[in-house]
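*Asks:* Give the three-dimensional model of this entry:
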Amino acid sequence: MRGVLVTGASRGIGRAVAHAFAARGDRVAVHYASSRAGAEETLAALPGEGHLLVDGDLGDPTAVQRIAETADAGLGGVDVLVNNAAVATAETNAHHPAEASYDDWQQVWRRMVDVNLLGAANLSHCVARRLIARGAPGRIVHIGSRGAFRGEPDHPAYGASKAALHALGQSLAVALAPHGISVTSVAPGFTATDRVAERLTGPSGPALRAQSPFGRVGTPEEVAAAVLYLASPEATWASGTVLDLNGASHLRL
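*Replies:* Below is the predicted model of the structure:
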């Protein structure tokens with residue numbers, strides 16, 4: 001039984017990841033920033049015992065320290081960290097360089113970098129230092145994006161932050177391997193979550209599904225299954241990996 005901290009677990013991929021670990025008997029810290037009701041729904045649906053809620057803004061370095069401390073104390077140690085939380089792509093934070101004002105451009109970039117990259121980096125540091133102090137092996141899994149490779153013209157800060165997250169994972173993989181800590185990333189394509197339900201049921205749905213030759217989009221459960229593998233003892237040798245998970249909708253050659 002391991003202690004697992006999943007950020008942004010109030011819905012979507014984070015919720016699926018939290019449930020997958022709990023179903024295997026692990027204790028899970030369900031992190032949220034603002035959606036307490038959603039996080040409580042996630043927590044209530046988790047099988048097993050020993051789970052807890054942890055709140056905090058990942059864009060605030062002081063809050064990140066508290067998140068790590070609370071999860072560590074509540075779980076009796078964090079063995080697995082899943083950096084899932086992110087400011088995601090949406091119409092409200094679109095910032096195409098030909099359309100966004102300079103003020104909007106700065107605001108979106110600052111927030112996405114603070115949460116998507118620096119929040120994950122800071123939390124990884126806090127968790128890794130505790131693992132090293134305990135002399136315990138551990139796993140860190142980043143939830144990146146296909147957008148890191150194919151580009152996000154309407155959301156360049158999102159694509160850039162996810163590309164940086166992948167690079168962070170590879171640097172940490174090399175740095176932390178001597179301490180028995182494996183660091184990997186998953187790069188999902190378009191995934192069917194509550195956040196994007198209207199896009200899938202609306203006029204854009206057919207085009208989104210047609211991005212993959214399978215004729216559909218991914219599911220949170222498929223991402224969770226990949227995270228479970230990368231966090232397993234059997235996946236130690238995969239440290240440094242960025243696993244594409246997009247149904248052949250984008251191929252890197």
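
*Asks:* give me the low-pLDDT residue ranges for the stretch 1-150 of the chain?
*Replies:* Low-confidence segments of the stretch 1-150 of the chain, defined by pLDDT under 70: 89-92.

*Asks:* Tell me where it has strands.
*Replies:* All strands of the stretch 1-150 of the chain, identified by DSSP state E, counting those that start in this stretch, fall at 3-6, 27-32, 52-55, 80-83, 138-143.

*Asks:* Turn the ones you listed into JSON lines, including mean neighbour count and distance to residue 203.
*Replies:* Where you see a C-beta, it was placed from the backbone N, CA and C, and this is true even at glycine. Rendered in JSON lines, the data for those read as follows (neighbours: other Cβ atoms under 10 Å; distance: least, Cβ to Cβ, whole Å):
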{"stretch": "strand 3-6", "mean neighbour count": "28", "distance to residue 203": "33"}
{"stretch": "strand 27-32", "mean neighbour count": "27", "distance to residue 203": "32"}
{"stretch": "strand 52-55", "mean neighbour count": "18", "distance to residue 203": "37"}
{"stretch": "strand 80-83", "mean neighbour count": "28", "distance to residue 203": "33"}
{"stretch": "strand 138-143", "mean neighbour count": "28", "distance to residue 203": "28"}
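
*Asks:* so what's the backbone phi/psi at residue 245?
*Replies:* The phi/psi pair for residue 245 (degrees, to the nearest 10) reads phi -140, psi 70.

*Asks:* so who does the residue lying closest to it once chain neighbours are set aside touch?
*Replies:* Spatial nearest neighbour of residue 245, excluding adjacent residues (Cβ to Cβ, 6 or more residues apart in numbering): residue 188 at 4.8 Å. By Cβ atoms under 8 Å, 6 or more residues apart in numbering, the contact list for residue 188 reads 13, 143-146, 218, 223, 245-246.

*Asks:* Please apply the same query to residue 4.
*Replies:* Residue 4 touches 18, 21, 26-29, 75, 78-82, 231, counting by Cβ under 8 Å, 6+ apart.

*Asks:* what's the answer for residue 112, then?
*Replies:* 86-87, 93, 157-158, 161 are the contacts of residue 112 under Cβ under 8 Å, 6+ apart.

*Asks:* Model confidence for the residue lying closest to it once chain neighbours are set aside, exactly?
*Replies:* With Cβ to Cβ, 6+ apart as the criterion, residue 112 has its nearest non-adjacent residue at 4.2 Å, and that residue is residue 157. Model confidence at residue 157, given as pLDDT, is 96.

*Asks:* In this structure residue 157 contacts residue 96, no?
*Replies:* No: when contacts are counted by Cβ atoms under 8 Å, residue 157 is not listed as touching residue 96 (11.1 Å).

*Asks:* where do the helices sit along the stretch 151-253 of the chain?
*Replies:* Using DSSP state H, counting those that start in this stretch, the helices of the stretch 151-253 of the chain run over 156-176, 197-201, 205-210, 220-230.

*Asks:* Tell me how far the longest one lies from the chain's centre.
*Replies:* What separates the centre of helix 156-176 from the centre of its chain is 12 Å, taken as Cα atoms, centre = their mean, to the nearest Å.
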